[in-house]
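K.L.:
next come a sequence and a model predicted from it.
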Amino acid sequence: MSTPAPVVVTTCDATIPAPGAQAPAAPWPFTGREEELELVRRSVTAGRPGLVVTGPAGYGKTRLVTEAVRGTDHLRVAGTPETRDLPFAAFAHLLPEPVTLHRAARFLAGVRLLVVDDAHWLDDASAALVHQSAVHGRTRLLVVATDGAAAPEAVSRLWTGDLLPRLAVGPLPREDTADLLAAAVGTAPEPLTAGHLHRLCRGDLRLLRELLTAMRDRTPPGPAPDTGEWAWRGPVPVTAAVRERLAPDLDRVPDEARETLQRLAFAEPLPLHWDLDGLDVRVLERLEAEGLVQVDADGGTRLAHPLHGPVLRATAGRLRARRLARASDDRCARALAAETAALTRRTRRSDVRPADAPVGEWLVAEGMGLPAPDAAVRARFARLGGRLKEAAAWAREGLRHTPDDPDCRTELALAAAQTGPPAAGDPAAAPVWAAAARGDLAGAVAAVAQDPYDAVRLGAPERAAGQLGGVFAAHADALARGDGPALDRAAEDLRRRGFLLFAAEAYAQAAAVHRDPGAARTARTRAVALARRCQGARTPALSGLVLGELTARQRQIVTLAAAGLSNRQIAERLTLSVRTVGNHLYSAYARLGVGDRGTLPWLVELPEAQPA
């Protein structure tokens, strides 16, 4: 009997509902994971055997593979728990009846690309067929499996036996999660909302979608003041779908341990201490082993998943909730003060890597607000870490309750002036960076007073001589000497400490002074990559990333034009003719690839990461 010709199956996102059924929700746009997408695409090119993609449930593995093979000819099969005991069930729509493993392997020999989804649910015969295809190497394979699931040995041997390389998909980064939410809703979320949803879902995109849907139905988000973004405050909406997604974790908890979990849930956002609150250590040990609780070095115990608390509180019952609820206003105030002090100490130690601050985040997320002094510390911590939009959001949170707080006003102005026009903040509160945002670099340098490191960032390290220490002094010294390798080292030290914006600026400065073109390209690429993580940062040091191909005069004119000055105003400021300004702009437009003044960046529009 001849082998039937393979049936080519191409995937699509749309599905047709049954008559009378509600149409399914439209798929979310594919966002982020550019590196993973390119890696998957390369894995199915000529001469490559394919790839195994693994990761926790809900991390978008299937969507990643679907995007990678979109527009290509391929076969797709999938395992299901209901058919795991039926031989060749995954291939039933492709293989003739009856079929042996040998004949099935011959059939697949003519298939160029096979996508195997939910491979952990494959029946043994289908798993053996996939394994044989990998051994013979005539069919490229893209295999998707979920971490923690009991996969057939023939599937797990695909990567443990080195037949196929493996890509472990991690959680979608916070920045990409914010982009995904913006694409799904149509408007960007303000940073504290995006961060809250990212923490709640821990990379589970299906859970994120369910939670966002419930939030929009029950407690719709509102506009964030002065930003055009949307914000969400209030209790987490616990729906049946959310409970069902978390049921596998909570349902395995024995009755004697559920009381402990509920006590922890009603204590949130504060931890309980097993030696002070009468918790059974043996129960905690078991829950910790199951990954349901986390215990710190001081004995503080919290629920491991941020959504377990809302679910446990919602399902506890009224009487038990009343018994377990505890008045914690005083304890919460003390915990908030300790958290703020810890962030202050880390800032003084020049360590602004992202840190857990659950109490402050809880108060904001629940809509209770945050005192201005605590908000200002969080704003400064975020700003120094390069998370400028987050810094502005913390500052606005403090100003909601204390509109004239000087520290919050300063932090808002500093964040705003480094991400956009000075009108977004209070120029009087940040004269250096307000001047820089206007394109007045000389005025910005002249205004440096309180923070001498500003002069280094603005390219005038001589103004900071003898006033800095540690990595900041190293940065100033390297810049003053025009030492590219030393600037690279200072940038890397800044990055390790969490100063992402400062590191990006140092790399950009290194790119401008490196004598080796290869080193300059590397520094520039690193500067672009770091700057992209700084939430729209636009500073003079970064402007060179875009304007590096222009002459000094063209850079000066483009910077002023980007700041909103007319040709006549630029001419008056630089003592040039209006015609000369126009000619310089025309030449700059051609080099930058823009059409007119309206498409110029505001100081700098970060380019795609590519060699200079």
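P.N.:
Structure's in. What do you need?

K.L.:
report the separation between Leu312 and Ala289.
P.N.:
From Leu312 across to Ala289, the span is 19 Å (Cβ to Cβ, to the nearest Å). Every C-beta, even on glycine, is put in place using the N, C-alpha and C of the backbone.

K.L.:
more neighbours: which of those two?
P.N.:
Leu312 (24 against 9; other Cβ atoms under 10 Å).

K.L.:
tell me the pLDDT of that one.
P.N.:
We have a pLDDT of 92 for Leu312.

K.L.:
can you give me the domain boundaries for the chain?
P.N.:
Annotated domains of the chain cover 34-168, 174-233, 242-268+277-324, 330-437, 448-599 [automatic domain parsing].

K.L.:
start to end distance for the first one?
P.N.:
Taking Cα to Cα, to the nearest Å, the first and last residues of domain 34-168 lie 15 Å apart.

K.L.:
do the third one as well
P.N.:
For domain 242-268+277-324, the first-to-last residue distance is 23 Å (Cα to Cα).

K.L.:
and Ala541, what pLDDT?
P.N.:
pLDDT, Ala541: 92.

K.L.:
any idea how far His308 is from it?
P.N.:
44 Å.

K.L.:
which one's more surrounded, these two?
P.N.:
Set Ala541 next to His308 and count neighbours by other Cβ under 10 Å: Ala541 wins out with 25 against 21.

K.L.:
which secondary structure element contains that one?
P.N.:
Using DSSP states H and E, the element containing Ala541 is helix 540-547.

K.L.:
quick check: next helix or strand after that helix?
P.N.:
Counting by DSSP H and E, what follows helix 540-547 is helix 552-562.

K.L.:
how distant is that following helix from the center of its chain?
P.N.:
On the basis of Cα atoms, centre = their mean, to the nearest Å, helix 552-562 sits 33 Å off its chain's mean C-alpha point.

K.L.:
buried set for that helix?
P.N.:
554-562 (16 or more other Cβ atoms under 10 Å).

K.L.:
what's the answer for stretch 165-179, then?
P.N.:
167, 169, 171-172, 174-175, 177-179.

K.L.:
and if you look at stretch 566-575?
P.N.:
Result for stretch 566-575 [16+ other Cβ under 10 Å]: buried residues 567, 570-571.

K.L.:
pull the longest helix from this structure.
P.N.:
The single longest helix within the chain, with elements called by DSSP state H, is helix 329-348.

K.L.:
quick one: contacts of that helix?
P.N.:
Identification of contacts with helix 329-348 by Cβ atoms under 8 Å, 6 or more residues apart in numbering yields 269-270, 352, 355, 357-360, 363, 371, 373-374, 377-378, 380-381, 384.

K.L.:
for stretch 53-69, same thing?
P.N.:
11, 13, 27, 30, 33, 36-37, 40-41, 44, 113, 115, 117-118, 142-148, 159, 166-172, 203-207, 245.

K.L.:
of these, which belong to helices?
P.N.:
Per DSSP H, helices hold the following members of the contacts of stretch 53-69: 36-37, 40-41, 159, 205-207, 245.

K.L.:
count of residues packed around Glu153?
P.N.:
Neighbours around Glu153, by other Cβ under 10 Å: 13.

K.L.:
check contacts around it.
P.N.:
Neighbours of Glu153 in contact, by Cβ under 8 Å, 6+ apart: Ala127.

K.L.:
tell me the spacing between it and His102.
P.N.:
20 Å.

K.L.:
try Ala480
P.N.:
Relative to His102, and taking Cβ to Cβ, Ala480 is found at 74 Å.

K.L.:
higher neighbour count, those two?
P.N.:
Set Ala480 next to His102 and count neighbours by other Cβ under 10 Å: Ala480 wins out with 14 against 9.

K.L.:
Leu479: neighbouring residues, count only.
P.N.:
With other Cβ under 10 Å as criterion, Leu479 counts 27.

K.L.:
any idea how many residues pack against the nearest residue to it once chain neighbours are set aside?
P.N.:
Computed as Cβ to Cβ, 6 or more residues apart in numbering, the closest residue to Leu479 that is not its neighbour in sequence is Pro461, at 4.5 Å. If you count neighbours by other Cβ under 10 Å, Pro461 ends up with 22.

K.L.:
rewinding a little: dump the buried residues of stretch 165-179 into JSON lines; add distance to Ala92 as well.
P.N.:
Formatted as JSON lines, the buried residues of stretch 165-179 follow (distance: Cβ to Cβ, whole Å):
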{"residue": "Leu167", "distance to Ala92": "28"}
{"residue": "Val169", "distance to Ala92": "28"}
{"residue": "Pro171", "distance to Ala92": "34"}
{"residue": "Leu172", "distance to Ala92": "34"}
{"residue": "Arg174", "distance to Ala92": "42"}
{"residue": "Glu175", "distance to Ala92": "42"}
{"residue": "Thr177", "distance to Ala92": "38"}
{"residue": "Ala178", "distance to Ala92": "42"}
{"residue": "Asp179", "distance to Ala92": "39"}
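
K.L.:
for the residues you listed, work out which two are farthest apart.
P.N.:
Leu167 and Ala178 (23.6 Å; Cβ to Cβ).

K.L.:
show me where this structure dips below the pLDDT cut-off.
P.N.:
1-26, 326-329, 420-427, 544, 546-549, 590-612 (pLDDT under 70).

K.L.:
residue closest to the middle of it?
P.N.:
Arg174 (2.1 Å; Cα atoms, centre = their mean).

K.L.:
go ahead and confirm it touches Cys201.
P.N.:
No. Using Cβ atoms under 8 Å, Arg174 is not in contact with Cys201; the gap is 11.0 Å.

K.L.:
what about the strands in the stretch 101-250 of the chain?
P.N.:
With DSSP state E, counting those that start in this stretch as the criterion, the stretch 101-250 of the chain has strands at 113-117, 140-146, 166-168, 222-223, 230-231.

K.L.:
ugh, typo on my part, it should be the stretch 451-600 of the chain
P.N.:
Under DSSP E, counting those that start in this stretch, the stretch 451-600 of the chain gives no strands.

K.L.:
can you give me the helices for it?
P.N.:
If DSSP state H, counting those that start in this stretch is used as the criterion, the helices of the stretch 451-600 of the chain fall at 453-457, 470-481, 484-496, 500-513, 517-531, 540-547, 552-562, 567-574, 578-592.

K.L.:
would you confirm that the residue nearest to Leu479 contacts Tyr453?
P.N.:
No. If you go by Cβ under 8 Å, Pro461 and Tyr453 don't touch, sitting 9.6 Å apart.

K.L.:
who touches both of these two?
P.N.:
Common neighbours of Pro461 and Tyr453 (Cβ under 8 Å, 6+ apart) are 475-476.

K.L.:
now, which of the contacts of helix 329-348 lie within strands?
P.N.:
Judged by DSSP state E, strands contain none of the contacts of helix 329-348.

K.L.:
just the ones of these in helices?
P.N.:
Per DSSP H, the contacts of helix 329-348 map to helices at 358-360, 363, 373-374, 377-378, 380-381, 384.

K.L.:
list the buried residues of stretch 578-588.
P.N.:
Neighbour-count burial for stretch 578-588 [16+ other Cβ under 10 Å]: 581, 584-585, 588.
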